[in-house]
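In: Need the 3D shape of this:
(one chain, ligands or ions: 1)
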Amino acid sequence: MANYRNKGGVAVIELNNPPVNALSFEVRSGLMNALKRAHDDKDVKCIVIHGKGKNFSAGADIKEFGGTKQQKPWITDACRLADESSKPVVAAIAGTALGGGLEVALFCHYRIGTPSCRVGFPEVQIGVLPGAGGTQRLPRLIGVKHSIDMITSGRHVMAEEALKLGILDKIVTDDIIEEGIQFAKSVVGIDVGGRILRNRKVEDAGSKVFDDEISRVKKKYKGYIAPLFCLKAIQASMQLPYDAGMEQELKLFQQLVSSGQAKAQQYTFFAERISARWQLPSGANSQTASPLPVKTAGVIGAGTMGAGIALCLITSGIPTVLVEQDQKFLEKGVKTVEGDLRGSVALKKMTAEQANKAISVLKTSVNLEDLHDVDLVIEAVYENLALKKEIFAKLDKICKSKTILCTNTSSLDIDTIAEATKRRDKVVGTHFFAPAYIMKLQENVYGKDTSAETVATVMALGKRIRKVPVLVGTCDSFVANRMLHPYATEALFLVEEGASPYEVDQALEDFGMPMGMFRVSDLSGLDIGYKVRKEAAKRRGIELTSDTRFVNGERVCLLANVLVEKGRLGIKSGKGWYNYGSPGKREATPDPEVLDTIEEYCRKYDIKKRKISSQEILERMQLAMINEGFKILEEGIVSKPEDIDIIWIYGFGWPKYMGGPMFYANEMKLKNVYRKIRDFHQNYPFSIHWTPSKLLARLSETDLPISKWTSLINSNSKL
Ligand code: 3H9
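Out: The predicted structure follows:
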């Protein structure tokens, strides 16, 4: 709703729907009535609109999209009187004015904001476009070029920049409502005609600008349709009169709202927030547990991962000690950090000043003892259980009793590592993804003794260092890599059976993955997987050679080992599944030598090859991994499907417009997913990953939407 009061001739209208004052049906109706009242009241000389609490408004209520509450008045109906009023209308902005919130402000004649306020059109990130005049009014205020930038990126613009662009008329420092009232009074009597945006013309930027932008946007936001629709709507503002432009904007908005991409992107928006609300089996949760302060941190291991993690910490202002046992490796790690900082400055992702500030809080050491005073340590040495246990035992003696000890292991048992210490409650997994500075996922893994306070601390740390933290339980390889395993295994089987690695990658990239499986393997280094496989086999008492075809009756394909043994380690050696010309180069070209190696391998084992369609490639890789996802849910390793989707989106770049693998399964209908998995199980009986999940079997009978799975899982813990 919207509150109304008359303060000495100033109508003060408050958008009231905390915490973000989303423009629900009630708020839109309330705003329309309040503007009418102010318009009709002869005592009122001017009008101020502000938001209740900390925010102006975060825009339309996304939950209403596609629902019954999406009904008139629209935001445009609610605001029409602001446009038509001869009384000055001022938007007084604190916190955020986003999407429809900024559109309300653009219907006002003036906009003032606090120094920390932010404005923007983030609609594109939830698969739609500003549909209440934003694409028609912003170009009339700040021109086509800046409007394209803001609307297609969805970025938030801070107060200073908003003032420079002309979105804000003034930045004020006192109470925003009082400032709004004073400002409104100061403009009473000044003709508002020139301030009404619908009356302004949009400068003709020419059609070439749009041709160039279409190419840029297609490249930058590959696969996403909303940015292209945004361009069409902005172009309409230039080509059509205001009313016709508004009609065109609404038409494009409605097309997007009903698209599958918008549904998936909006699911992702809420999934991220649902996933942030964690819970431990004990019942302790994000509401009840408080994090410990992390004023200083330590990172052990200055390899690619360690250096990347240290970079995340120092760029977030956390003084960090980077420890490596060997001075030469340490120097190499520091060079990596410095190089990445320089790269960020060159790409204008940070200023030289910020880079200098970050490096100034990095200390280095070859002595673990230098971690005696830090609040949290992240160990990022290579994947060896004995080594990790040794380090944790030492840390336990060196560090303060309150220090939290984290391991970046991607597969090892947290409880076994914790057993090396006398503070098992303070041991936790913080699994980062390569490259650690870029990839947003932080998979936090609790062990059986990890305390709620420890979990709260690493979840809060994740947010602070601009990651997306997700909490998972401990099991072999946790969630991300455990699901990756059947996905990658199927990729290799497909190659054995006749698809080339390049066809596999093409199918995945056409689907929307940023990189195919084989390119990712080359980037990570084939030797890493090789070592992990050997270690895992050793733990299970198995000896693996490239001739191994079955392990305990289960089919395996060790083609990747054959490449490693030929010295093809991926990008680092200039050759892997692809040819890169020379070590470190990124441009991947298919390599006939690899195809020959595969041919030779298949001949050796008498494997018959056949033509494999891209549909089969996607189904086998994705359904194998989705089946594993249901097993993970069934075992309670994560408590909700949203956790899995966020892991795949931020850990492996699953396209947001496809909503994550569990959402994708939901869209395919679970009965179809289950049927196909059962068929694959019949056709490929030697792959345990095709054994259908019991949870999937049950859910497929119910046809419940993904939003209801969690309640069914919780009410049927014994499935
Ligand atoms: C639009 O405006 C279309 C128009 O152009 C045209 C229409 C015709 N709706 O994120 P937080 C909830 S499209 C419904 O945790 P923060 C959120 O789910 C809209 N709910 O806080 C959460 O609920 P819960 C364009 C919303 O401080 C709670 O509010 N606007 C909406 O970290 C707190 O949110 C956007 O896309 C919403 N619009 O961040 C902006 N927004 O506690 C989307 C939030 O139950 N919003 N909620 O989990 C944001 O980016 C962030 O929420 C914001 C605050 C930056 C505002």
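
In: contacts and neighbour counts: CA atoms only from here.
Out: Will do.

In: for the ligand, what are the nearby residues on the protein?
Out: Proximity of the chain to the ligand, by C-alpha under 6 Å from any ligand atom, involves residues 19-20, 22, 58-63, 98-100, 122-123, 130-132, 270, 273.

In: Of the residues you listed, keep whichever come out buried.
Out: Those of those that meet the buried threshold are 20, 22, 58-62, 98-100, 122-123, 130-132, by 16 or more other C-alpha atoms under 10 Å.

In: Out of the residues of the chain next to the ligand, which sit inside strands?
Out: Leu98 (DSSP state E).

In: Flag the shaky bits of the stretch 51-200 of the chain, pLDDT-wise.
Out: 67-70 (pLDDT under 70).

In: That one: helices as residue ranges?
Out: 75-84, 100-107, 134-142, 144-153, 159-165, 176-186 (DSSP state H, counting those that start in this stretch).

In: I'd like to check the angle between the fourth one and helix 134-142, please.
Out: Counting by axes from the mean of the first three to the mean of the last three C-alpha atoms, to 10 degrees, helix 144-153 lies at 140 degrees to helix 134-142.

In: what's the distance between helix 144-153 and the middle of its chain?
Out: 22 Å (C-alpha atoms, centre = their mean, to the nearest Å).

In: can you list the residues that contact it?
Out: 120-124, 129-130, 135, 138-139, 156, 202-203, 205, 217, 227-228, 230-231, 234 (C-alpha atoms under 8 Å, 6 or more residues apart in numbering).

In: Go through stretch 552-564 and flag the buried ones.
Out: Quick answer for stretch 552-564 (16+ other C-alpha under 10 Å): Arg555, Val556, Cys557, Leu558, Leu559, Ala560, Asn561, Val562, Leu563, Val564.

In: Max pairwise distance over those: which two?
Out: Across the buried residues of stretch 552-564, no pair lies farther apart than Arg555 and Val564, at 20.1 Å, counting by C-alpha to C-alpha.

In: end-to-end on stretch 115-126?
Out: Distance across stretch 115-126, first residue to last, is 27 Å (C-alpha to C-alpha, to the nearest Å).

In: Quickly note the distance from Phe253 to Pro130.
Out: For Phe253 relative to Pro130 (C-alpha to C-alpha), the value is 7 Å.

In: Now the phi/psi pair for whatever residue of the stretch 401-550 of the chain ends up closest to the ligand, please.
Out: Per C-alpha to the nearest ligand atom, the residue of the stretch 401-550 of the chain with the smallest distance to the ligand is Lys463, at 10.1 Å. Backbone torsions for Lys463, taken as degrees, to the nearest 10, come to phi -60, psi -40.

In: I'd like the numbering to begin with 185 instead of 1 from here.
Out: Yep, numbering from 185; the last one is Lys647 now.

In: Using the three-state scheme, assign the nearest residue to it once chain neighbours are set aside.
Out: Excluding the flanking residues, the one nearest Lys647 by C-alpha to C-alpha, 6 or more residues apart in numbering is Pro653, at 6.7 Å. At Pro653 the chain is in strand, as set by DSSP: H, G, I helix; E, B strand; the rest coil.

In: How about the contacts made by Arg703?
Out: Counted by C-alpha under 8 Å, 6+ apart, Arg703 has contacts Asp689, Trp761, Tyr762, Ala772.

In: Alpha carbons of the helix or strand containing it, as PDB, please.
Out: Element membership for Arg703, per DSSP states H and E: helix 701-708. Below are the C-alpha coordinates for helix 701-708, written out as PDB (Å, rounded to 0.1, in the frame of the first residue of the first chain):
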ATOM      1  CA  MET A 701      33.500 -30.400 -20.900                       C
ATOM      2  CA  PHE A 702      36.800 -31.100 -22.800                       C
ATOM      3  CA  ARG A 703      37.800 -27.500 -23.000                       C
ATOM      4  CA  VAL A 704      37.200 -27.100 -19.300                       C
ATOM      5  CA  SER A 705      39.400 -30.200 -18.600                       C
ATOM      6  CA  ASP A 706      42.100 -28.600 -20.700                       C
ATOM      7  CA  LEU A 707      41.800 -25.400 -18.700                       C
ATOM      8  CA  SER A 708      42.000 -27.200 -15.300                       C
END
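
In: buried sites along the host helix or strand of Asp863?
Out: For Asp863, the host element (DSSP H and E) is helix 854-867. Using 16+ other C-alpha under 10 Å as the test for burial, helix 854-867 gives Leu854, Lys855, Val857, Tyr858, Lys860, Ile861, Arg862, Phe864, His865.

In: Among those, which pair sits farthest apart?
Out: Maximum pairwise distance in the buried residues of helix 854-867, criterion C-alpha to C-alpha, is 16.1 Å, between Leu854 and His865.

In: and the next helix-or-strand element following the helix holding Asp863, average pLDDT?
Out: Toward the C-terminus, helix 854-867 is succeeded by helix 878-886 as the next helix or strand (DSSP H and E). In this model, helix 878-886 has an average pLDDT of 94.

In: Mind giving me the packing neighbours of whichever helix or strand comes after helix 878-886?
Out: Counting by DSSP H and E, the element after helix 878-886 in chain order, helix or strand, is helix 890-899. When contacts are defined as 3 or more C-alpha pairs under 8 Å, 6 or more residues apart in numbering; DSSP states H and E, helix 890-899 packs onto helix 825-836, helix 845-852.

In: surely Asn665 meets Ser594?
Out: Yes: judged on C-alpha atoms under 8 Å, Asn665 makes contact with Ser594 at a distance of 7.2 Å.

In: Can you pick out the residue with more neighbours from these two?
Out: Ser594 (24 against 15; other C-alpha atoms under 10 Å).

In: so who does that one touch?
Out: Contact analysis of Ser594 by C-alpha under 8 Å, 6+ apart lists Glu567, His615, Ser661, Phe662, Asn665.

In: For those, give me a markdown table that also has pLDDT.
Out: Converted to a markdown table, those look like this (pLDDT from 0 to 100):
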| residue | pLDDT |
| --- | --- |
| Glu567 | 85 |
| His615 | 97 |
| Ser661 | 89 |
| Phe662 | 95 |
| Asn665 | 94 |
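
In: Only the buried subset of these, as a PyMOL command please.
Out: Per 16+ other C-alpha under 10 Å, the buried members of those correspond to this PyMOL selection:
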select buried, resi 567+615+661+662
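
In: tell me which element Leu589 falls in.
Out: Leu589 belongs to strand 588-591, assigned by DSSP H and E.

In: Which helix or strand lies directly C-terminal to that strand?
Out: Of the helices and strands lying after strand 588-591 in sequence (DSSP H and E), the nearest is helix 598-602.
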